[in-house]
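Peer 1: here is the input, now give the coordinates:
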Amino acid sequence: TSRKGAHAKLLNDFAAGKGDILLGTQMIAKGLDYPNITLVGVLNADTMLNLPAFRASERTYQLLTQVSGRAGRHEKEGQVIIQTYNPDHYSIKDVKLNDYLSFYQKEMNYRKLGKYPPYYFLINFTISHTDIKKVMMASKHIHQILVQHLSEKAFVLGPSPAALARINNEYRFQILVKYKGEPQLHQALQYLDDYYHD
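Peer 2: Numbering: from 1, shown residues only. Next up is the predicted model:
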């Protein structure tokens, strides 16, 4: 719905019983409390699960838990149907089992092995320009500066094309840094800021 107030009117009409089926994006998963909802369906739950982000499993679990809580919130019993190509993925299994602790333990183990927060800090550099050669040269230069300033305990990954490699005619590359306690990091960032500041 694109007209001003149309979204709120639609939800109010649904709450008043003027509709039997409500279709929507993940927006409708948050904060809605309708006593007559007895069935919730999630189509293609893998979409979020397969995003190139270390929090994809957490966000999938969180959203599925929220949307699952929409069915059967009052006297009526509810049912949730989740369409997925990965039914054995721990995010989806643990939602089904309503087992937050199991999800948390698996997710923390994954993050520890992958050197992700809260065990490591992350910096994601995104380099963009309309000229791809300039993007590639700047990306290589930034990579060199980071490797020179950071210890061997830090991980400098990339440069590589960003998940959205081109936006508004600008090519985008990224460099990901995973680190803990790097005393030279501030100096490297200051150098890069001074060098590339317009």
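
Peer 1: pull the longest strand from the chain.
Peer 2: Longest strand of the chain, by residue count under DSSP state E: strand 155-167.

Peer 1: ok, that strand: who's next to it in the sheet?
Peer 2: Here strand 155-167 is paired, per DSSP bridges, with strand 170-179 (antiparallel).

Peer 1: let me see the mean pLDDT of the strand it pairs with.
Peer 2: For strand 170-179, the mean pLDDT works out to 97.

Peer 1: tell me the helices and strands packed up against the helix or strand following that strand.
Peer 2: The helix or strand immediately downstream of strand 170-179 is helix 185-196, counting by DSSP states H and E. Applying 3 or more C-beta pairs under 8 Å, 6 or more residues apart in numbering; DSSP states H and E, one finds that helix 185-196 makes contact with helix 132-149. The C-beta positions use only the backbone N, C-alpha and C, and glycine is treated the same way.

Peer 1: buried residues of the helix it packs on, list them for me.
Peer 2: V135, M136, A138, S139, I142, H143, I145, L146, H149 (16 or more other C-beta atoms under 10 Å).

Peer 1: ok, the nearest residue to the second one once chain neighbours are set aside - how many residues close by?
Peer 2: When you say that, I think you mean M136. Using C-beta to C-beta, 6 or more residues apart in numbering and skipping residues adjacent in sequence, the residue nearest M136 is F173, 6.9 Å away. When neighbours are counted by other C-beta atoms under 10 Å, F173 registers 23.

Peer 1: isn't F173 up against H141?
Peer 2: No - contact criterion C-beta atoms under 8 Å: F173 and H141 do not qualify, at 11.5 Å.

Peer 1: still on that earlier bit, and of the buried residues of helix 132-149, the nearest to L157?
Peer 2: Checking the buried residues of helix 132-149 against L157 by C-beta to C-beta gives H143 as the nearest, at 9.3 Å.

Peer 1: dump the residue contacts of that closest one.
Peer 2: V156, G158, P159, I175 (C-beta atoms under 8 Å, 6 or more residues apart in numbering).

Peer 1: what are the bridge partners for the first one, then?
Peer 2: In this structure, V156 bridges to V177 when assessed by DSSP bridges.

Peer 1: number of residues surrounding it?
Peer 2: Neighbour number of V156 under other C-beta under 10 Å is 20.

Peer 1: who are the packing partners of the lowest-mean-pLDDT helix or strand in the chain?
Peer 2: Least confident helix or strand, the chain: helix 6-15 with a mean of 80, by mean pLDDT, DSSP states H and E. Based on contacts counted as 3+ C-beta pairs under 8 Å, 6+ apart, there is no element that helix 6-15 packs against.

Peer 1: any idea how this protein splits into domains?
Peer 2: Residue ranges for the domains of the chain, per the TED database: 6-114, 121-197.

Peer 1: now the end-to-end length of the shortest one.
Peer 2: In domain 121-197, first residue to last residue: 24 Å (C-alpha to C-alpha, to the nearest Å).

Peer 1: what about R55, distance to R111?
Peer 2: 9 Å (C-beta to C-beta, to the nearest Å).

Peer 1: please apply the same query to L11.
Peer 2: Counting by C-beta to C-beta, the gap from L11 to R111 is 36 Å.
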